[in-house]
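Peer 1: Starting from these lines, generate the structure:
(2 chains)
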Amino acid sequence: AQKVTQAQTEISVVEKEDVTLDCVYETRDTTYYLFWYKQPPSGELVFLIRRNSFDEQNEISGRYSWNFQKSTSSFNFTITASQVVDSAVYFCALSDGGSKLTFGKGITLSVRP
Amino acid sequence: ETGVTQSPTHLIKTRGQQVTLRCSSQSGHNTVSWYQQALGQGPQFIFQYYREEENGRGNFPPRFSGLQFPNYSSELNVNALELDDSALYLCASSLAQNEKLFFGSGTQLSVL
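Peer 2: Alright, predicted model coming up:
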């Protein structure tokens, strides 16, 4: 069975601070995919990144960066120089390649001006 | 904007009733998935439809059923509503079965 643990439930930072959201996953599959989604108050889940299990390269996209470490089964997400618009619930998710995603419980990020 | 639209946005039903939620996929997407998100939780997979056939189901009872139409729009039907069915129901479409999902804004269902 697949499992995603997001141990942090709520994080509050002041604008311009860096913040890291942790994600630990469990799977017996050798091929799998990891995701991060952002859910603003509107409710829509916004896709941020998908990474397959064979690609351990870190990725940077603007102020966002992701650190994938198979050795520790972690896929952490860092926001550099946070902004108020980053306030949302962030979900880490895992799939075996199909449309069934297993989500963590989410981390509520509040960025204060 | 993901191009995935859901209706209605909010719905109130009473226990025992039946409900139908609708989803219009992003243009060209032939796969649709439905998720249930209880308050304070992550979304849980209900089922997926690919070219009008159910193609994967999560741990939900048979009173949760769905349809996908030739234009790839979809419906989620829930019979004999229970209080625990109160949740945000999210629809997601994708270009193929293993491609990234594009989610709608959801239907907030309250069962009284």
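
Peer 1: Straight-line length of stretch B:27-47, end to end?
Peer 2: Stretch B:27-47 has an end-to-end distance of 20 Å (criterion: C-alpha to C-alpha, to the nearest Å).

Peer 1: So is that stretch next to chain A?
Peer 2: Yes. Contact of stretch B:27-47 with chain A (C-beta under 8 Å from any C-beta of the partner chain) involves B:31, B:33, B:35, B:40-45. Backbone N, C-alpha and C define where each C-beta goes, glycine included.

Peer 1: most surrounded residue in these?
Peer 2: Highest neighbour count within the residues of stretch B:27-47 next to chain A: B:S33, with 29 neighbours (other C-beta atoms under 10 Å in any protein chain shown).

Peer 1: And it, which helix or strand is it part of?
Peer 2: For B:S33, the host element (DSSP states H and E) is strand B:31-37.

Peer 1: Now do the contacts for the nearest residue to B:N59 once chain neighbours are set aside.
Peer 2: Excluding the flanking residues, the one nearest B:N59 by C-beta to C-beta, 6 or more residues apart in numbering or on different chains is B:Q44, at 7.9 Å. Shown in contact with B:Q44 (C-beta atoms under 8 Å, 6 or more residues apart in numbering or on different chains): A:103, B:35-38, B:58-59.

Peer 1: just those now: which is nearest B:S93?
Peer 2: For B:S93, the nearest member of the contacts of B:Q44 is B:Y35. The distance, counting by C-beta to C-beta, is 12.1 Å.

Peer 1: Can you name the residues bridging to the closest one?
Peer 2: B:Y35 has these beta-bridge partners by DSSP bridges: B:F45, B:L90.

Peer 1: Which pLDDT value belongs to it?
Peer 2: With respect to pLDDT, B:Y35 scores 97.

Peer 1: what residues does chain A put near chain B?
Peer 2: Residues of chain A lying near chain B by C-beta under 8 Å from any C-beta: A:4, A:33, A:35, A:37, A:42-47, A:50, A:91, A:93, A:97-106.
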